[in-house]
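Undergrad: here you go, sequence then predicted model.
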Amino acid sequence: MPDIKRPNYFTSQFLVEKDFNDEQSYHLDTRRRLNRVLHTSGVADGLDVTRVSATQVSIGVGTAVDRDGREIVLDDPLTYTLATAGSDLDVFLTLAYREVLDPADAYTQAGLANKFTRTTERPLVQDATTVPPADGSVIVLARIRLNSSGAIASGSSIDPTVRTLASAKVAPQAVTSTQLADGAVTLAKLANDAQPLAFQGTNAITVATDNTRKQVTIGENHSARTDNPHGTTAAQLDTLGGANQLVTQINAGTGIIGRARLESAVVSGSVTFQNLAAGIEMFSNDIDPGFGTGALCVDLALDDLPAVNLTISGDTNYARAVQFRAEINRGTGRFRIFATRNIGSQAATVTVRWYAFKPQAGTDTNIGVGIVVAPGNPTLISNVTQTFTATVTNTSNTAVTWSVTEANGGTLSGTTPTSTTYSPPGISGTYHVVATSVADPTKKATAIVVVNADITVTLNTTNATVIRGATQGLSATVVNTPITGVTWSIAQGAAGGSLSATTGGSVTYTAPQAPGTYTVVATSTADATKKATCTITVPAVSISITPDSSTVTAGSSTVIRASITGSSDTRANWTLQSPVPSISPALGATTTFFAPGLGGVFTVNASAVADPSKTASTVITVPNVKNPTGEGGGKFAPVLQENIATQPPVLARALAPDEQTDTGEQAQSFVRPKKRSSPKLPPEPSDG
């Protein structure tokens, strides 16, 4: 075993860095060795944890010792923010020894880097849901309960009972006497709940210390009092404490711990009710079992059997001949017994035996509806669903309603009162599935869902109709990746049109001259397998023409309009089947038909300028008119009928009066004129 050495300094000695480090190590190692063998690890003083906000606590000043004997000192109160998040779970707050190099102590002279003149012992505060090890490697300060909203609801949510207190180690067989020495037990060494009852009241009392009497105000911090009775003996504590559970284990006269005082004390007695008549309730005077104020437990039993030393305990169901009950006053520590006789016409004497003992006070519990959602924190990809189940406690109504907090946070399906199936959205993010109790809508549990969605490319439009030569604006959106660029292309190549650019968030597409269906493709630059397409339809050119009127009187006119689709050029070339009428203009979206001075049926043709192969025609009818110079008061002029199928256009000519026909003949075709009749000779002049 190596010897323990410490530096030995002398005059003219040349000291180096190691000499000073050895000096430090000697004192640290010696003190820590002493701490390890004489003390257990834990909180030695202070380090109280109190609530600051829903996620913050304050750690008071104090000292602790870890298993290696290292002191952990907090000289100033520390406000700490919990790193653990979640709902309906316990978080353990721990403290550990740590050494750091503070930038304020950096040595900046002589060009030396990364050198510090001091080592700072700064405690490491951490929190986690796992139960800390009990080996003293870390010091547990508190267990903190986070409610269904993930918050520290109140100061009662912080439980300090999980902490271990540092204490002195007692060596084997070190206790050689059955008597506690005077001063071994003092008020300063007792926790508040272990203080004698006289010190737990609200009034000032007189304490005897060192044969003097001093008045002490109850509720003071005993360690801060100048008149603190640190020398109070076991006998004095027993005198002050009366029924205090700890103090009653010490013999009042000698301070010897007796076995009888280690066991729970049960006080018993009886009450006899004389002439207890049926239907009348009688009650006893106040009974003081001697336990003092606070919680008290009283059991009652019927003790009216004639046999000696027999007692009936519990409900014997003898037609419930006698009923009894107790009323306990916690403020005084006393109770009364009430009894009544249900049957029997004659009054009788009834004895009720009572048993009283003082239970140890525990924390009050407020029971409310509890909800747990499982799984609580899943991670999903966008095309995978997750089934959630809700468990509701402390109520017979275990149904819940389900919802998603975010407006576009996914969908729910297959929902039942206890489960639902969640389908995540297509965008990465954190979403919240909430189960709300039907029995108590204020109680909720939330599952935090992290969605890692796949890269997705979308276009502002997926289908468009673009006439040839026209344009269409397109823009792309890429989600679930920081690289949001795309490359643009046309699946049919140059025959499918053209694009204003091949990269960028938006482009302009120009349709080709040939009709057809084409596809514009946007491809993610982050992942070439992720694409979006827009189907472009370029329609063929079509033309139709419509006159404002299909019947026009001789010498009048009508407008004929062309309707052209599939092209931005809405003009038409206009022609006539016959030269008899006229049109103007010959090129345009409309033209005007001018009727001739005689009747007929005429055809107007039009071809689209954008595609001359696309044609249309319409027929204009000009009714026949009377010839004012004809015989017999005037006849109808002949009608010009176009033989569109076989004959070229023929000019109409005026007929001589002798060529005019009767009404029944006027409709014959101009291309097949009726044979002319011989001219009539004028009448000879008369002799008379």
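TA: Structure's in. What do you need?
Undergrad: biggest helix in this protein by residues?
TA: helix 17-38 (DSSP state H).
Undergrad: for this protein, which spans come out with low pLDDT?
TA: 1, 175-264, 304-320, 344-346, 360-362, 626-688 (pLDDT under 70).
Undergrad: so who does Pro581 touch?
TA: Pro581 is in contact with 593-596, 602, 620, 622, counting by Cβ atoms under 8 Å, 6 or more residues apart in numbering. C-beta here means a position set from N, CA and C on the backbone, and glycine is covered the same way.
Undergrad: want to try CSV for these, with neighbour count, distance to Val486 and secondary structure as columns?
TA: Below are the contacts of Pro581 laid out as CSV (neighbours: other Cβ atoms under 10 Å; distance: Cβ to Cβ, whole Å; DSSP: H, G, I helix; E, B strand; the rest coil):
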residue, neighbour count, distance to Val486, secondary structure
Phe593, 25, 54, strand
Phe594, 13, 58, strand
Ala595, 23, 61, coil
Pro596, 18, 64, coil
Phe602, 25, 58, strand
Ile620, 22, 56, strand
Val622, 24, 63, strand
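Undergrad: what's the closest of those residues to Pro612?
TA: Phe593 (20.9 Å; Cβ to Cβ).
Undergrad: please point out which parts of stretch 53-64 sit buried.
TA: 55, 57, 59, 62, 64 (16 or more other Cβ atoms under 10 Å).
Undergrad: just want the most central residue of the chain.
TA: Geometric centre of the chain, nearest residue: His432, 2.9 Å, by Cα atoms, centre = their mean.
Undergrad: what residues are bridge-paired with that one?
TA: For His432, the beta-bridge partners are Ile448 (DSSP bridges).
Undergrad: please report the distance of it from Leu146.
TA: His432 sits 16 Å away from Leu146, going by Cβ to Cβ, to the nearest Å.
Undergrad: and if you look at Thr55?
TA: The gap separating Thr55 from Leu146 is 9 Å, by Cβ to Cβ.
Undergrad: and if you look at Pro482?
TA: 33 Å.
Undergrad: ditto for Ala514
TA: 68 Å.
Undergrad: likewise for Gly497?
TA: 60 Å.
Undergrad: who has more neighbours out of those two?
TA: Gly497 (25 against 22; other Cβ atoms under 10 Å).
Undergrad: if I pick that one, what's in contact with it?
TA: By Cβ under 8 Å, 6+ apart, Gly497 lies in contact with 466, 490, 509-512, 518, 536, 538.
Undergrad: show me what the helix or strand where Arg145 lies is packed against.
TA: Following DSSP states H and E, one finds Arg145 within strand 139-146. Counting by 3 or more Cβ pairs under 8 Å, 6 or more residues apart in numbering; DSSP states H and E, the packing neighbours recorded for strand 139-146 are strand 42-46, strand 49-51, strand 56-59, strand 89-96, strand 158-159.
Undergrad: these: which one's closest to Gly376?
TA: Closest approach to Gly376 among these (Cβ to Cβ): strand 89-96, 8.7 Å.
Undergrad: stretch 488-496: which residues count as buried?
TA: Buried residues in stretch 488-496 (16+ other Cβ under 10 Å): 488-490, 496.
Undergrad: and stretch 157-170, by the same measure?
TA: Buried positions in stretch 157-170, judged by neighbour count with 16+ other Cβ under 10 Å: 157-158, 163, 166.
Undergrad: ok, those vs Thr416, which is closest?
TA: For the buried residues of stretch 157-170, the nearest to Thr416 is Ser157 (32.5 Å; Cβ to Cβ).
Undergrad: wait, doesn't that closest one sit right on Arg51?
TA: Yes: between Ser157 and Arg51 there is a contact under Cβ atoms under 8 Å: 7.0 Å.
Undergrad: report the contact partners of the closest residue to Ala134 other than its chain neighbours.
TA: Counting by Cβ to Cβ, 6 or more residues apart in numbering, Ala134 lies nearest to Thr164, which is 7.5 Å off, once chain neighbours are set aside. Going by Cβ under 8 Å, 6+ apart, Thr164 touches 40-43, 134, 136, 139-140.
Undergrad: would you list the buried entries among the residues you listed?
TA: Judged by 16+ other Cβ under 10 Å, buried ones among these: 40-43, 136, 139-140.
Undergrad: for Asp22, what are its contacts?
TA: The neighbours of Asp22, taking Cβ under 8 Å, 6+ apart as the test, are 5-7.
Undergrad: could I get those as TSV with distance to Asn460 and secondary structure?
TA: Listed next are the contacts of Asp22 as TSV, based on distance: Cβ to Cβ, whole Å; DSSP: H, G, I helix; E, B strand; the rest coil:
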residue	distance to Asn460	secondary structure
Lys5	82	coil
Arg6	81	coil
Pro7	80	coil
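Undergrad: which one of these has the most neighbours?
TA: Neighbour counts for the contacts of Asp22, by other Cβ under 10 Å, peak at Pro7, which reaches 15 neighbours.
Undergrad: that one and Leu15, how far apart?
TA: Taking Cβ to Cβ, one finds Pro7 at 9 Å from Leu15.
Undergrad: my read is that Ala608 contacts Ile543, right?
TA: Yes: Ala608 is within contact range of Ile543, at 4.5 Å (criterion: Cβ under 8 Å).
Undergrad: between those two, what contacts are shared?
TA: Common contacts of Ala608 and Ile543 (Cβ under 8 Å, 6+ apart): 562, 564, 572, 614-615.
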